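# here is my input; please provide its structure:
(one chain, ligands or ions: 1)
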Amino acid sequence: MSKPKLIKFAEYKNFSNAFDIEDTINKGQWRSVFGNDNPIVIELACGKGDYTLGLARLNPNINYIGIDIKSNRMWTGAKAALNEQLTNVRFLRTHIDHITDFFAPEEVAEIWITFADPQPHKPRKRLSSFKFLNLYRKIAGEHTLVNVKTDSDLFYESTLAQAQQDKLIVLSKIDNIYQLNPVPEFLKIQTYYERMWLEMGRTIKYCQFILGNCESLPLKEDCKN
Ligand SMILES: C[S@@+](CC[C@H](N)C(=O)[O-])C[C@H]1O[C@@H](n2cnc3c(N)ncnc32)[C@H](O)[C@@H]1O
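Modelled structure (predicted):
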């Protein structure tokens with residue numbers, strides 16, 4: 001039987017690779033947390049952290065931070081990273097809406113958004129909405145990449161529509177990743193939700209684009225708010 005949520009929460013707070021909302025020390029200091037100058041990649045809505053772990057195993061010279069509000073889910077990833085001695089992995093429990101409290105401008109080199117809720121009735125809460133992309137611009141560099149993996153047509157199409165509206169450079173757009181031959185290693189990583197959607201026969205989509213900065217956007221002024 002899985003451990004009760006409160007026990008996982010208490011354990012999560014004590015893990016050496018896990019940070020919580022109350023830990024305000026890390027803004028602009030992630031490189032010293034990792035003890036190196038390697039690039040920092042964040043996974044938003046990481047859940048159990050499957051993608052964070054998978055990418056960290058593939059790329060030991062890149063630092064990965066999985067971010068979610070649910071520590072009982074991240075407990076699984078944090079514990080696995082400790083067991084495997086993956087020194088390039090950390091987890092951070094926060095609302096993504098507060099992400100600028102934890103990262104300094106240009107601190108994040110790349111962003112992954114994996115199987116986020118498509119929010120059909122609350123488009124502003126969608127993690128690839130104009131509001132959220134602008135939030136990410138505050139912690140990203142001009143060339144920061146955003147990777148989106150999803151089963152949801154709505155999330156996929158609305159993300160691409162937002163990228164088009166912002167005149168962003170879309171580097172990759174794959175409507176069904178398992179039709180690729182071969183499937184690249186970084187796309188073979190499967191999350192808890194991906195495995196669930198695959199069992200239900202859904203197709204998995206992926207896109208990658210350059211986030212850009214406020215100056216590069218058609219609606220520069222809206223971006224600065
Ligand atoms: C559908 S699950 C996907 C989890 C994981 N990426 C996977 O594929 O297994 C969505 C996750 O997003 C997290 N989430 C949604 N909105 C969030 C927000 N604003 N801030 C932090 N986490 C959020 C939820 O807690 C949940 O774990």
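# quick check: bridge partners of the spatially most central residue of the chain?
Nearest to the mean C-alpha position of the chain, by Cα atoms, centre = their mean, lies Glu43 at 2.1 Å. Beta-bridge partners recorded for Glu43 (DSSP bridges): Gly66, Trp112.
# separation between it and Asp175?
Glu43 sits 22 Å away from Asp175, going by Cβ to Cβ, to the nearest Å. Heads up, the C-betas are built off the backbone N, CA and C, glycines and all.
# and if you look at Ala10?
For Ala10, the distance to Asp175 - Cβ to Cβ - is 43 Å.
# taking the chain, what residue is nearest to the ligand?
Relative to the ligand, the nearest point of the chain is Gly47 (2.6 Å; Cβ to the nearest ligand atom).
# I'd assumed that residue was in a helix, is it?
No. According to DSSP: H, G, I helix; E, B strand; the rest coil, Gly47 belongs to no helix; its state is coil.
# quick check, it in contact with Ser71.
No. Using Cβ atoms under 8 Å, Gly47 is not in contact with Ser71; the gap is 11.3 Å.
# check which helices and strands the helix or strand encompassing Ala161 sits against.
Ala161 belongs to helix 153-165 when assigned by DSSP states H and E. With contacts taken as 3 or more Cβ pairs under 8 Å, 6 or more residues apart in numbering; DSSP states H and E, helix 153-165 sits against helix 130-137, strand 140-150, strand 170-174, strand 205-210.
# what phi and what psi does the backbone show at the closest residue to Leu187 other than its chain neighbours?
Closest residue to Leu187 apart from its sequence neighbours, by Cβ to Cβ, 6 or more residues apart in numbering: Ile177 at 5.0 Å. Main-chain torsions, Ile177, degrees, to the nearest 10: phi -60, psi -30.
# buried ones in the helix or strand hosting Leu6?
According to DSSP H and E, Leu6 maps onto helix 5-14. If you call a residue buried by 16 or more other Cβ atoms under 10 Å, then helix 5-14 has these buried ones: 8-9, 11-12.
# take the residues you listed and write them to JSON lines, including pLDDT and distance to the ligand.
Listed next are those as JSON lines, based on pLDDT from 0 to 100; distance: Cβ to the nearest ligand atom, whole Å:
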{"residue": "Lys8", "pLDDT": "93", "distance to the ligand": "13"}
{"residue": "Phe9", "pLDDT": "90", "distance to the ligand": "13"}
{"residue": "Glu11", "pLDDT": "94", "distance to the ligand": "18"}
{"residue": "Tyr12", "pLDDT": "95", "distance to the ligand": "13"}
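# need the max-distance pair from the residues you listed.
Phe9 and Glu11 (7.4 Å; Cβ to Cβ).
# what residues does the protein have near the ligand?
Proximity of the chain to the ligand (Cβ under 6 Å from any ligand atom) is limited to residues 45-48, 50, 68-70, 73, 95-97, 114-117, 191-194.
# which regions of this structure sit below the pLDDT cut-off?
The model of the chain has pLDDT under 70 over residues 1, 24-25, 225.
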